[in-house]
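J.: When you get a sec, could you give me coordinates for this:
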Amino acid sequence: MLGKYAGFVGEVWEDFPQLAEWHDDDPSLLSMWSLDKFVEAGYHNFHAERKQLFHISKLIENYAKDNSQPLLATFEKIARYKFVEKRYQDMIKQIPKITVIADFGKIDIKTTLNIELVNCRETSLTNVWSVITRGPYGPFGLIAEEYESGKFKGFFSLNPNVCRHAVSKMAKILGAKFTIQ
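T.: I've put the predicted structure just below:
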């Protein structure tokens, strides 16, 4: 496993060092939590596999859809986005805007007008999995990073300052501007 402060997640933790020390429960519990349980926790660190992250992602995506809020999602590779592309094309009917960040390589992908695609090729975001939307207090969501094949470290945060900071770091890395903040 990488050191506690390695990679993109580590950069966020370096800027909020107190968060890196917070709880990290049994990752199998993450698949059983509802969004209300994550919200009740407010902030939660984890080491997880794809199954747990997929569960948390769907909770956040459903919140965005049910509340007509924008969504920002990062996928490590184009194949990961292709796995959910149809669902995202359906969700855009109820969400004002979706921003998808992935390593598309040199592939030119066509999508609907309200789905913005941003290529993170050759950046520190190529191993990042995040799903962020806007809640009643500002942006919230999950940010994780693959540190070995199929294994992720990261966190869920309801704190809009932490999420704004992470989104700002992403925007700076990509030379982009995101409306989720």
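
J.: And the helices in the chain, which stretches?
T.: 7-15, 17-20, 35-41, 50-66, 78-91, 160-174 (DSSP state H).

J.: check contacts around the spatially most central residue of the chain.
T.: The chain has residue 130 as the residue nearest its centroid, 1.2 Å off, counting by C-alpha atoms, centre = their mean. Neighbouring residues of residue 130 by C-beta atoms under 8 Å, 6 or more residues apart in numbering: 72, 73, 74, 141, 142, 143, 144, 166, 170. Yep, even glycine has a C-beta here, placed from its N, CA and C like the rest.

J.: Got the confidence number for it?
T.: Residue 130 carries a pLDDT value of 95.

J.: let's have the chain start at 26 instead
T.: Renumbered: residue one is now 26, and that last one reads residue 155.

J.: so what's it bridging to?
T.: residue 99, residue 168 (DSSP bridges).

J.: Have a look at this protein and report the helix or strand with the lowest mean pLDDT.
T.: Least confident helix or strand, the chain: helix 103-116 with a mean of 80, by mean pLDDT, DSSP states H and E.

J.: got the CA positions of it in CSV?
T.: Provided in CSV are the C-alpha atoms of helix 103-116 (Å, rounded to 0.1, in the frame of the first residue of the first chain):
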residue,chain,number,x,y,z
ILE,A,103,-12.4,5.1,-20.5
ALA,A,104,-13.5,1.5,-20.0
ARG,A,105,-14.8,2.5,-16.5
TYR,A,106,-16.9,5.3,-18.0
LYS,A,107,-18.2,3.1,-20.8
PHE,A,108,-19.5,0.7,-18.0
VAL,A,109,-21.9,3.5,-16.8
GLU,A,110,-22.3,5.6,-20.0
LYS,A,111,-25.9,4.5,-20.7
ARG,A,112,-26.9,5.2,-17.1
TYR,A,113,-25.4,8.6,-17.3
GLN,A,114,-27.1,9.4,-20.5
ASP,A,115,-30.4,8.5,-18.8
MET,A,116,-29.5,10.5,-15.7
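
J.: Give me the contact list for that helix.
T.: With C-beta under 8 Å, 6+ apart as the criterion, helix 103-116 contacts 86, 89-90, 96, 98, 100, 123, 125, 127-130, 132, 134, 136-137, 140, 154.

J.: 10 Å - rerun?
T.: 75, 79, 82-83, 86-87, 89-90, 96, 98-100, 102, 120, 123, 125-130, 132, 134, 136-137, 139-140, 142, 144, 146, 154 (C-beta atoms under 10 Å, 6 or more residues apart in numbering).

J.: Narrow these to those that are buried.
T.: Buried members of those, scored by 16 or more other C-beta atoms under 10 Å, are 79, 82, 86, 89-90, 96, 98-100, 120, 123, 125-129, 140, 142, 144, 154.
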